[in-house]
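S.K.: how does the following fold in three dimensions:
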Amino acid sequence: MHLKDAIKLRRSIRSFQNSDVSSDVIEHILSLAIEAPSAGNLQPWRIIILSKKEDKKEVAKIAYNQNFITQAPYTIIIAADTKKCMSVYGVRGRDLYSIQDTSALIENILLIATDCGLGTCWVGAFDEKALAEFLDLPDGIRPVAIIPIGYPAENPPNRGRTPLRDILTWF
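M.R.: Numbers count the residues shown, from 1 in each chain. Predicted coordinates for the structure are as follows:
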């Protein structure tokens with residue numbers, strides 16, 4: 001698949017087939033995804049993979065009962081090492097660069113998963129403190145996204161985009 005096709009085909013998937021996904025495929029996706037750019041090449045991301053049903057149920061509760069998370073064979077949690085970014089870039093590194101960097105990683109995961117025939121959903125609605133406590137994350141490691149990943153059981157339509165002419169300003 002060409003990159004432009006993955007970009008056009010990617011959708012937020014909230015229904016997954018009851019099919020296993022090889023851990024090798026997940027590692028393949030992640031090994032490519034970590035090629036994402038990051039400020040100062042600090043690569044401040046942390047990746048946690050959940051496969052146990054009980055853990056995914058707890059994460060779904062923490063994500064305001066988004067129970068589709070439990071359907072996917074894996075749930076990937078992306079967290080940012082805010083202290084790492086702060087040590088080089090100060091408050092801007094902690095509050096902005098760490099989020100930008102992990103967002104670049106997340107988008108890579110979504111696109112590579114699409115290329116591999118898998119579905120994902122970028123879940124940002126969750127109780128950050130509760131998720132950090134559940135995962136026993138150390139101080140300074142901030143959860144940024146929850147990504148259920150598996151074979152899609154749906155094919156949502158393209159929801160359209162705002163025309164470029166409506167959001168573009170040439171200066």
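S.K.: what residue is smack in the middle of this protein?
M.R.: By CA atoms, centre = their mean, the mean C-alpha position of the chain lies nearest to residue 106, the distance being 4.0 Å.
S.K.: OK, contacts around that residue?
M.R.: Counting by CB atoms under 8 Å, 6 or more residues apart in numbering, residue 106 makes contact with 78, 122, 144, 145, 147. From N, CA and C alone the C-beta is placed, and that goes for glycine too.
S.K.: again with residue 170
M.R.: By CB under 8 Å, 6+ apart, residue 170 has no neighbours at all.
S.K.: what sits against the closest residue to residue 30 other than its chain neighbours?
M.R.: Nearest residue to residue 30, sequence neighbours excluded (CB to CB, 6 or more residues apart in numbering): residue 47, at 6.2 Å. Contact analysis of residue 47 by CB under 8 Å, 6+ apart lists 30, 76, 77, 78, 79.
S.K.: ok so residue 147 is a helix residue?
M.R.: No - applying DSSP: H, G, I helix; E, B strand; the rest coil, one finds residue 147 to be strand, outside a helix.
S.K.: about what we covered before: most widely separated two among the contacts of residue 47?
M.R.: Farthest pair in the contacts of residue 47 (CB to CB) is 30 and 79. Separation: 13.7 Å.
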